[in-house]
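S.K.: Here is a sequence with its predicted model. Questions after.
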There are 2 protein chains.
Amino acid sequence: MDHMNVLWIFAHPDQRSLNGALRDEGLCALRELGHHVRESDLYAMGWNPVLDRSDFEQQPSGRLLVGAEQERAYLDGTLRADIRAEQDKLEWADAVVLHFPLWWFGPPAILKGWLDRVLAQGLGFGVKDADGRTRRYGDGGLAGKRGLVVTTVGARESSFGPRGIHGHIDDVLFPLSHATFFYTGMDALPPYVVYGADRLDAAGFAEAAHGLRERLRALPTEEPIPFRPEASGDYDEDLVLRPDIAPGRTGLAVHRRDGGPTADRLSRRVLESR
Amino acid sequence: MDHMNVLWIFAHPDQRSLNGALRDEGLCALRELGHHVRESDLYAMGWNPVLDRSDFEQQPSGRLLVGAEQERAYLDGTLRADIRAEQDKLEWADAVVLHFPLWWFGPPAILKGWLDRVLAQGLGFGVKDADGRTRRYGDGGLAGKRGLVVTTVGARESSFGPRGIHGHIDDVLFPLSHATFFYTGMDALPPYVVYGADRLDAAGFAEAAHGLRERLRALPTEEPIPFRPEASGDYDEDLVLRPDIAPGRTGLAVHRRDGGPTADRLSRRVLESR
């Protein structure tokens, strides 16, 4: 694919921030590469992140069963207009970038609420195949799209490493890469993370911007994280990894076919030191 | 401690939901036990979850450096009144309950934004000790308090088990238990999770309510998750786990002194089957 449709979801309260500047670089790079770009600048749009009864043009009279109500309204076209507009952008997109500063180890509320409201049951998840099976993890309503997280953190890279105190960044971002992108059928690309973001000087910014441009150049072709599709047969009927797959191991990296590049590196190092 | 001050943060859009009923049970149980209870029912309060420039009574004229600005305003008492009111409740509390349905593997946006705005730098984190070291992970601005997550998920328990497809629930909730509670100095209690929540019948609800009451009875005394304090010496100066601690292992459970109860069980099972 030469030219992609790219949807860039941006969540920072200050356009003049490091993140604002990175977003400008990113959009510019994508356009230079010939991609079609649309942006949802959530703060600039005044996006409402709070899922509630008013999401539904025909408000349910009884209890609000969120998933079922989302699916009914999505299929009827009666989700509120602000949600439908984002869903239209999402359906248009070949690739989605979620770009935010990491706050409390996740996206800012304004972006979390974009996921809560836009990725409705019936669109993002709960979609069934011809045999009545739920399409999920490697398949789903958003299959064929690619997802990339771009984020900034204040901490040093070592502290988000495989044995860093904050938890490995791959594990910290698992709710987005695995449980959001891959769950809905998207290919999750490795995240692009800028460390030490509150101490970045001009050279540091240039390096971060260059790295982002390189990653965006590879957007159509980069290998996604090799998560295990649900349809691969690696999980049993209770959705538990079969005993012969990564036997005896636990931790989120067991859901990757490669066991996590870092775990491999680590165990090689341990083996070599014996 | 016989009587605790308990702050219950509740985030569900429908009072008549399963979660609403569980919350009623929880508050009732705590009062029967003689605790003092305050509630932040975020939907009922119309809580604004979006951190932005208007959080600060004296709005910064230049770039918004979120952490530094929060700390200045917290110390000056110039955070907006809605934030200060929640901080007052938090400072009053001996225990905090975060109660929500799990949406996209995390709290709904309205609760995420409570964390973003209320746990300000200077209060929740970035607090230094007499020697100028940042108090963090096992120590911090909220040291001495206890934190409990109460959440509901639609999925079956097996799928959130140690090798379940969604990731182990302890890993999925790590951003709250480790990176929020423990990071700010709080003792993180094991989460209380109700599975199959969208298919619960009357007997299932009775069981869930009973389980919650039991957990709340143990609130003052239950053993917290044995995360490794930063001051324990288990981490080096790069905030990486020292090589002799849980040698060769990765995954979020390495940050627990017990390596995770499930990992132990699993490895016993693997050993027995040899």
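M.R.: That came in fine, so what should we check first?

S.K.: going forward, measure contacts and count neighbours with C-alpha atoms only.
M.R.: OK.

S.K.: Format the CA atom coordinates belonging to stretch A:137-154 as CSV.
M.R.: Extracted in CSV, the C-alpha atoms of stretch A:137-154 (Å, rounded to 0.1, in the frame of the first residue of the first chain):
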residue,chain,number,x,y,z
TYR,A,137,-7.9,-10.7,19.1
GLY,A,138,-6.4,-10.5,15.7
ASP,A,139,-9.9,-10.3,14.1
GLY,A,140,-12.8,-7.9,14.6
GLY,A,141,-14.6,-4.9,13.4
LEU,A,142,-11.3,-3.0,12.8
ALA,A,143,-9.4,-5.8,11.1
GLY,A,144,-6.9,-4.6,8.4
LYS,A,145,-6.1,-1.4,10.2
ARG,A,146,-2.8,-0.6,12.0
GLY,A,147,-2.5,1.1,15.4
LEU,A,148,0.5,3.0,16.8
VAL,A,149,0.9,4.6,20.2
VAL,A,150,3.1,7.7,20.4
THR,A,151,3.7,8.8,24.0
THR,A,152,6.0,10.8,26.2
VAL,A,153,7.0,10.1,29.8
GLY,A,154,9.1,12.0,32.2
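
S.K.: Quick one: check it for contact with chain B.
M.R.: No - Stretch A:137-154 does not reach chain B (Cα under 8 Å from any Cα of the partner chain); its nearest approach is 8.7 Å.

S.K.: Check which residues of that stretch are buried.
M.R.: By neighbour count on 16 or more other Cα atoms under 10 Å in any protein chain shown, the buried set for stretch A:137-154 is A:137-143, A:145-154.

S.K.: Angles on the backbone of residue A:32, please.
M.R.: Main-chain torsions, residue A:32, degrees, to the nearest 10: phi -60, psi -30.

S.K.: Can you tell me how far it is from residue B:182?
M.R.: Residue A:32 sits 45 Å away from residue B:182, going by Cα to Cα, to the nearest Å.

S.K.: which residues does residue A:260 contact?
M.R.: Listed by Cα atoms under 8 Å, 6 or more residues apart in numbering or on different chains, the contact set of residue A:260 reads A:253-254.

S.K.: Tell me how many other residues crowd the spatially closest residue to residue A:162 that is not a sequence neighbour.
M.R.: Leaving aside its sequence neighbours, residue A:162 sits nearest to residue A:168 (Cα to Cα, 6 or more residues apart in numbering or on different chains; 4.5 Å). By other Cα atoms under 10 Å in any protein chain shown, the residues close to residue A:168 number 21.

S.K.: I'd guessed residue A:168 sits against residue B:254; true?
M.R.: No - the criterion here is Cα atoms under 8 Å, and residue A:168 misses it with residue B:254 at 10.6 Å.

S.K.: got the residues of the stretch 101-250 of chain A near chain B?
M.R.: Residues of the stretch 101-250 of chain A lying near chain B (Cα under 8 Å from any Cα): A:103-106, A:108-113, A:115-116, A:156, A:158-159, A:161-168, A:171-172, A:175, A:179-180, A:230, A:235, A:238-241, A:248-250.

S.K.: so what's residue A:148 closest to, chain neighbours aside?
M.R.: residue A:97 (4.8 Å).

S.K.: Name the helix or strand for residue A:116, please.
M.R.: Secondary structure from DSSP states H and E places residue A:116 in helix A:109-118.

S.K.: which secondary structure elements does that helix contact?
M.R.: Packing partners of helix A:109-118 (3 or more Cα pairs under 8 Å, 6 or more residues apart in numbering or on different chains; DSSP states H and E): helix A:42-45, helix A:81-92, helix B:109-118.

S.K.: Could you tell me the angle between the helix or strand just after the shortest one and helix A:109-118?
M.R.: Looking back up the chat, that one is helix A:42-45. The helix or strand immediately downstream of helix A:42-45 is helix A:66-76, counting by DSSP H and E. Calculated by axes from the mean of the first three to the mean of the last three Cα atoms, to 10 degrees, helix A:66-76 forms an angle of 70 degrees with helix A:109-118.

S.K.: List the contacts of the residue most central in space within chain A.
M.R.: Chain A has residue A:176 as the residue nearest its centroid, 4.1 Å off, counting by Cα atoms, centre = their mean. Applying Cα under 8 Å, 6+ apart, we find residue A:176 in contact with residue A:149.

S.K.: after the host helix or strand of it, next one along is what?
M.R.: Per DSSP H and E: residue A:176 is located in helix A:174-176. Once the chain leaves helix A:174-176, the next helix or strand it forms, by DSSP H and E, is strand A:187-188.

S.K.: Can you give the strand pairings for the helix or strand just after that following strand, parallel or anti for each?
M.R.: Counting by DSSP H and E, the next helix or strand C-terminal to strand A:187-188 is strand A:192-194. Paired strands of strand A:192-194, with direction, are strand A:146-152 (parallel) (DSSP bridges).

S.K.: what is the rounded mean pLDDT of the partner strand?
M.R.: Averaged across strand A:146-152, pLDDT comes to 98.

S.K.: what element comes up after that strand heading to the C-terminus?
M.R.: helix A:169-172.

S.K.: contact partners of that next one?
M.R.: Residues contacting helix A:169-172 (Cα under 8 Å, 6+ apart): A:105-106, A:160-162, A:191, A:252-253, B:171, B:175, B:251-252.

S.K.: and stretch A:66-84, how far apart are its ends?
M.R.: Taking Cα to Cα, stretch A:66-84 runs 16 Å from one end to the other.

S.K.: Now it: buried residues?
M.R.: A:66, A:69-74, A:78-80, A:83-84.

S.K.: ok, and what's touching that stretch?
M.R.: Under Cα under 8 Å, 6+ apart, the answer for stretch A:66-84 is A:54-58, A:60, A:117-118, A:120-123.

S.K.: give me the number of residues near the residue lying closest to residue A:49 once chain neighbours are set aside?
M.R.: In space, and not counting its chain neighbours, residue A:49 is closest to residue A:113: 3.8 Å by Cα to Cα, 6+ apart. For residue A:113, the neighbour count with other Cα under 10 Å is 27.

S.K.: again, but for residue A:112
M.R.: By other Cα under 10 Å, 24 other residues sit near residue A:112.

S.K.: Same check on residue A:197?
M.R.: 20.

S.K.: For it, which residues are in contact?
M.R.: By Cα under 8 Å, 6+ apart, the contact list for residue A:197 reads A:18, A:152-155.

S.K.: what's the pLDDT at it?
M.R.: 94.

S.K.: Likewise for the one 10 residues further on?
M.R.: In the prediction, the pLDDT value recorded for residue A:207 is 97.

S.K.: Count residues in the vicinity of it, would you?
M.R.: Other residues within reach of residue A:207, judged by other Cα under 10 Å, total 14.

S.K.: With chain B as the reference, measure out to it.
M.R.: Applying Cα to the nearest Cα, to the nearest Å, the value for residue A:207 to chain B is 21 Å.

S.K.: Check which helix or strand that residue maps to.
M.R.: helix A:202-217.

S.K.: More neighbours: residue A:32 and residue B:182, which one.
M.R.: Legend: neighbour count by other Cα under 10 Å for residue A:32 and residue B:182, higher for residue B:182 (31 against 11).

S.K.: give the contact list for that one.
M.R.: Contacts of residue B:182 (Cα under 8 Å, 6+ apart): B:136-139, B:188, B:227.

S.K.: relative to strand A:146-152, how tilted is the helix holding residue A:207?
M.R.: Relative orientation of helix A:202-217 with respect to strand A:146-152: 170 degrees, computed using the same axes, to 10 degrees.

S.K.: Can you spell out which helices and strands pack onto helix A:202-217?
M.R.: On a contact count with 3+ Cα pairs under 8 Å, 6+ apart, helix A:202-217 meets helix A:18-32, strand A:192-194.

S.K.: and if we set it to 10 Å?
M.R.: On a contact count with 3 or more Cα pairs under 10 Å, 6 or more residues apart in numbering or on different chains; DSSP states H and E, helix A:202-217 meets helix A:18-32, strand A:146-152, strand A:192-194.
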